[in-house]
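> what's the 3D shape of this:
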Amino acid sequence: MTKKPFTQRQIKKIKQILLQDGKTRDYLLLSIALELKIKNCYLLRLQVEDLCYLEIDSDTIVHAIRYANEEKLQNKDYLFSGNGRGQPITRVHCARIIKSWCLKLGLERGDYSTKSLFWS
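So this is what the prediction gives:
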């Protein structure tokens, strides 16, 4: 089944909710995915040091720097790390995060997936 992209209105609402809930990592996941339009497998493997080379907007950079400092991340740490900094979150974990956004917005979870980030 083809997954839907998020609308601009949905994206704005998701970002608001994530920031209100203090979920900076998830905010960055959404923002960087939308800005770079890269596949999930590459997105999840981004390291802190990669932030220097990404063409992302200044608001996203500010949040990324704040997040890296708060989490005490080192340059070689994955930006989207799982249990411990040695591994990035998995595609399945990322899909669960996206499904949680759908739940908060009252969207049908089956209509959206990690591909929704790429196509939004």
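> Tell me which residue is most central in this protein.
By C-alpha atoms, centre = their mean, the mean C-alpha position of the chain lies nearest to Leu29, the distance being 1.1 Å.
> Could you pull up the residues touching the closest residue in space to that one that isn't next to it in sequence?
Nearest non-adjacent residue to Leu29, counting by C-beta to C-beta, 6 or more residues apart in numbering: Phe80, 5.8 Å away. C-betas here are computed from N, CA, C, even on glycine. By C-beta atoms under 8 Å, 6 or more residues apart in numbering, the contact set of Phe80 is 25, 28-29, 43-44, 46, 88-89, 94.
> for Gln10, same thing?
Going by C-beta under 8 Å, 6+ apart, Gln10 touches 105, 107.
> Same question for Glu49.
Neighbours of Glu49 in contact, by C-beta under 8 Å, 6+ apart: 75-76.
> From Leu19, how far off is Lys12?
According to C-beta to C-beta, to the nearest Å, Lys12 and Leu19 sit 11 Å apart.
> what number of residues lie near the residue lying closest to Arg91 once chain neighbours are set aside?
In space, and not counting its chain neighbours, Arg91 is closest to Asn40: 5.8 Å by C-beta to C-beta, 6+ apart. Neighbours of Asn40 under the rule other C-beta atoms under 10 Å: 18.
> I figured Asn40 hits Cys94, correct?
Yes. With contacts counted by C-beta atoms under 8 Å, Asn40 reaches Cys94, the gap being 6.2 Å.
> what's the overlap in contacts for these two?
Residues touching both Asn40 and Cys94 by C-beta under 8 Å, 6+ apart: Thr114.
> okay, the helix or strand bottoming out on mean pLDDT in the chain in CSV with CA atoms only?
In the chain, the helix or strand scored least confidently by mean pLDDT, DSSP states H and E is helix 114-119, which has a mean of 85. Coordinates of each C-alpha in helix 114-119 appear next as CSV, following Å, rounded to 0.1, in the frame of the first residue of the first chain:
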residue,chain,number,x,y,z
THR,A,114,9.1,6.3,7.1
LYS,A,115,8.5,6.9,3.4
SER,A,116,6.1,9.6,4.3
LEU,A,117,9.0,11.7,5.5
PHE,A,118,10.8,11.3,2.2
TRP,A,119,7.7,12.2,0.1
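> Sounds good, over and out.
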